[in-house]
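**Student:** the following block contains a protein sequence and its predicted model.
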Amino acid sequence: MKKYCLSIVLFVFSVLKLSAQLNFKTEKATKEYDRYAYVDAIKTYDRMYDRGYKSSDMLLKLANAYYFNGDLENAAKYYRELFEMNAVVTPECCYRYAQSLKSIKEYEKADEMMARFNRENGNDLRAQLSANQKNYLEIIKKNSGRYTIENAGINSKYSDYGSALYKDKLIFTTARDTMNFIKRKDPWTGEAFTNLYQSTIDADGTLKKESRAFTNLNTKFHESTPVFTKDGKTVYFTRNNYNNGKRGKDGKQTTLLKIYKATLNGEKWENISELPFNSDDYCAAHPALSFDEKTLYFASNMPGTLGQSDLYKVKINDDGTYGNPENLGKVINTEGRETFPFITVKNELYFASDGHPGLGGLDVFVTKIAQDGLSKEVLNVGEPLNSSKDDFGLLINPNTRMGYVTSNREGGLGGDDIYKFIENRAIEYPCEQFLMGKVTDVETNQLIANAKVSLFDSSFQILKSVTTGEKGDFDFGEVKCDAKYYIKTEKEAYNTDEVSTTIAADNGKTFVPVTIEKTLKKITVGDDIAKVFGIKIIYFDLNKSDIRTDAALELSKILDVMLQNPKIKIDIRSHTDSRNTAMYNLKLSEQRATSTKAWLIQNGIDASRLSAKGYGESQLVNKCPDGVECTEEEHQANRRSEFVIISIND
């Protein structure tokens, strides 16, 4: 069977033939000004490491810091020690370690880490592949049974198809006898050239009193598939390449299809002109308007088409000009035919296709156009709206959920017939999730603008990067449901950080608060160094004042701050829990304060820079006084030491 754009009447003698052709180094910690001192956290961790103080948390921070700065050799050094401690690590650590090992040509070890990464990273990729291989018949079955459909009531023995709402009427295309004395027939269809007709619409959607419409739009060739602006004053429609009595042809002397525009003057359509992206050498047909009327969708086989005919969109500018046509892409278009678009107020794009899995011939499909203008999945609307025959040209009223569709299914009157339908159950779209968040300073909680935020998938492939706005906000738009992502945040004078998030499996929005830490720490009189520097509380065992191993690790941070800032003086304040007598606890806390002070002096801090006092149980951090039953963890929180700055420049 030959395929031509000449005809716009549908299957077997139809425009389906036509449609078939529409084919992101730091300063020293000793820098001081304005009674502030700045502490370089990473340098401090490095010096702690050189003094022999190690923990998995510290090694991870060091390794990550070097990794994000591109120093993979040092990153490998610290990742190696981290893994040799048999610490609990996340899959991303395996990935980063592997990449760092490759930089020093330890490929065998790198392969081992990648194997571990693949084992521990879950089934994200396999799950995606499985989702892409679902049985399409099961999907169609799930979507079936949502419509009640019946003959619309105005069909003839000829082809009747394509419809548009105009005021209180339905405008449709027909090849029925126009009752002209000279009967002109399309040699390709054997039927008369199509014209635009109109019909009244009953309350139940039944069509009656059909009559010829817009005589000044109809010509001796084909007209079809109009779409009207909401004010009813502009129409876009399909016509053969014929205007002002002149017939255009391609290089093969074939008259193809074009999209025309006309404006209403009183009762008459005037200023009929073809759209600028038309050509004598390819077809453009079946226009559809977005709800805001700023985008025109259409079918074409223009250069760049993926298949026999593709769906395109073009921007309608405020001044009435048009942008460049954009192919809607491979999610929607196939090597087959995609045609007859219709877009709803909810940005649902309905269209006909024989390239997507269907029940036979052309089926009606729907996809949700996302905020970024893209579509992620196409769904077959199912039976009974679709059949084993050709089904296309869907139109639906968003208010009544009543609509019309064309089909050449069994039981019709002509080649193609118009059917009315009611949507009884909304289509179930795939899960939709949107990822957004805010970036704040971990200490001040201030919003951070102009930070670079990057999104990575579960395999650490970068997907996109954005910059935070004035209010520290970022928005990655739509993301996959039930998927894991990584968010890396970079900002000058801040440590680069990365957090992970798992998107829910149902519709909604995922908000991720991101906090980042300044590379240079600001401290002043009255600050507790432990709090400013994020140092863990210096804990003591029950009834003891000696420095535990974990306490020594944290005290080394206090030590480093004081060594790098020789004018800082601190007051060591030690506390106990409420168990035992108040007098006993006061004595114990004084012993702890003295013990802490002695440790710092032994490690190089002049005694004149230190004061120490015990407060016993007088300053509990929780409601655990005498007589109140508390957990060991709650009591432990009160057995602590504080390091309050009392002078910076003296």
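**Tutor:** Received, thanks. Numbering: from 1, shown residues only.

**Student:** how far away is Met302 from Pro325?
**Tutor:** Distance of Met302 to Pro325, computed by Cβ to Cβ, to the nearest Å: 7 Å. Where you see a C-beta, it was placed from the backbone N, CA and C, and this is true even at glycine.

**Student:** what do the two both touch?
**Tutor:** 277, 312 (Cβ atoms under 8 Å, 6 or more residues apart in numbering).

**Student:** so where's the stretch 51-200 of the chain uncertain?
**Tutor:** Low-confidence segments of the stretch 51-200 of the chain, defined by pLDDT under 70: 68-70, 103, 121-137, 177-190.

**Student:** please enumerate the helices of it.
**Tutor:** If DSSP state H, counting those that start in this stretch is used as the criterion, the helices of the stretch 51-200 of the chain fall at 56-68, 72-84, 91-103, 107-120, 124-131, 136-143.

**Student:** equivalent analysis for the stretch 251-400 of the chain, please.
**Tutor:** Counting by DSSP H, counting those that start in this stretch, the stretch 251-400 of the chain contains no helices.

**Student:** please enumerate the strands of it.
**Tutor:** 257-265, 268-274, 284-289, 295-300, 310-315, 326-327, 338-343, 348-353, 363-369, 375-380, 391-396 (DSSP state E, counting those that start in this stretch).

**Student:** including distance to Ala98, mean pLDDT and mean neighbour count, could those go into a markdown table?
**Tutor:** Output for the strands of the stretch 251-400 of the chain, formatted as a markdown table (distance: least, Cβ to Cβ, whole Å; pLDDT from 0 to 100; neighbours: other Cβ atoms under 10 Å):
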| stretch | distance to Ala98 | mean pLDDT | mean neighbour count |
| --- | --- | --- | --- |
| strand 257-265 | 54 | 93 | 20 |
| strand 268-274 | 59 | 92 | 14 |
| strand 284-289 | 50 | 95 | 26 |
| strand 295-300 | 46 | 96 | 26 |
| strand 310-315 | 42 | 96 | 22 |
| strand 326-327 | 39 | 95 | 15 |
| strand 338-343 | 43 | 95 | 27 |
| strand 348-353 | 42 | 94 | 25 |
| strand 363-369 | 38 | 90 | 22 |
| strand 375-380 | 31 | 83 | 18 |
| strand 391-396 | 51 | 94 | 26 |
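
**Student:** can you put these in a markdown table and add distance to Val499?
**Tutor:** Shown next, in a markdown table, are the strands of the stretch 251-400 of the chain (distance: least, Cβ to Cβ, whole Å):
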| stretch | distance to Val499 |
| --- | --- |
| strand 257-265 | 49 |
| strand 268-274 | 54 |
| strand 284-289 | 42 |
| strand 295-300 | 37 |
| strand 310-315 | 36 |
| strand 326-327 | 35 |
| strand 338-343 | 38 |
| strand 348-353 | 34 |
| strand 363-369 | 29 |
| strand 375-380 | 25 |
| strand 391-396 | 43 |
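
**Student:** Thr444: which of those strands is closest?
**Tutor:** strand 375-380 (39.1 Å; Cβ to Cβ).

**Student:** report the angle between the closest one and strand 348-353.
**Tutor:** Interaxial angle of strand 375-380 relative to strand 348-353 (axes from the mean of the first three to the mean of the last three Cα atoms, to 10 degrees): 60 degrees.

**Student:** list the helices and strands strand 375-380 packs on?
**Tutor:** helix 136-143, strand 363-369 (3 or more Cβ pairs under 8 Å, 6 or more residues apart in numbering; DSSP states H and E).

**Student:** how about the longest one: buried residues?
**Tutor:** Meaning helix 136-143. By 16 or more other Cβ atoms under 10 Å, the buried positions in helix 136-143 come out as 140, 143.

**Student:** what lies in contact with stretch 438-455?
**Tutor:** Contacts of stretch 438-455 (Cβ under 8 Å, 6+ apart): 24, 435, 437, 462-474, 476, 479, 485-491, 494, 511, 513-518, 522, 532.

**Student:** list buried residues within the residues you listed.
**Tutor:** Buried among the contacts of stretch 438-455 by 16+ other Cβ under 10 Å: 435, 437, 466, 468, 472-474, 476, 479, 485-491, 494, 514, 516-518, 532.

**Student:** among these, name the ones in strands.
**Tutor:** Per DSSP state E, strands hold the following members of the buried ones among the contacts of stretch 438-455: 435, 437, 466, 473-474, 476, 479, 485-490, 514, 516.

**Student:** quick check: domain ranges of this protein?
**Tutor:** Domain assignment of the chain by automatic domain parsing yields the ranges 15-20+137-423, 433-517, 521-647.

**Student:** now the end-to-end length of the last one.
**Tutor:** Domain 521-647 has an end-to-end distance of 16 Å (criterion: Cα to Cα, to the nearest Å).

**Student:** how far does that domain sit from the chain's center?
**Tutor:** Relative to the mean C-alpha coordinate of its chain, domain 521-647 is positioned 47 Å out (Cα atoms, centre = their mean, to the nearest Å).

**Student:** same check, this time on the shortest one
**Tutor:** Taking the mean of its C-alpha atoms, domain 433-517 sits 12 Å from the chain's own mean (Cα atoms, centre = their mean).

**Student:** can you pull the contacts of Arg401?
**Tutor:** Arg401 is in contact with 422-424, counting by Cβ under 8 Å, 6+ apart.

**Student:** narrow the residues you listed to those in strands?
**Tutor:** Using DSSP E, the contacts of Arg401 in strands are 422-423.

**Student:** type out the ChimeraX command that picks the buried ones from the contacts of Arg401.
**Tutor:** To isolate the buried ones among the contacts of Arg401 in ChimeraX, judged by 16+ other Cβ under 10 Å, type:
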select :422,423
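
**Student:** for the contacts of Arg401, give me a markdown table that also has distance to Ile568 and pLDDT.
**Tutor:** Output for those, formatted as a markdown table (distance: Cβ to Cβ, whole Å; pLDDT from 0 to 100):
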| residue | distance to Ile568 | pLDDT |
| --- | --- | --- |
| Ile422 | 78 | 93 |
| Glu423 | 72 | 91 |
| Asn424 | 75 | 90 |
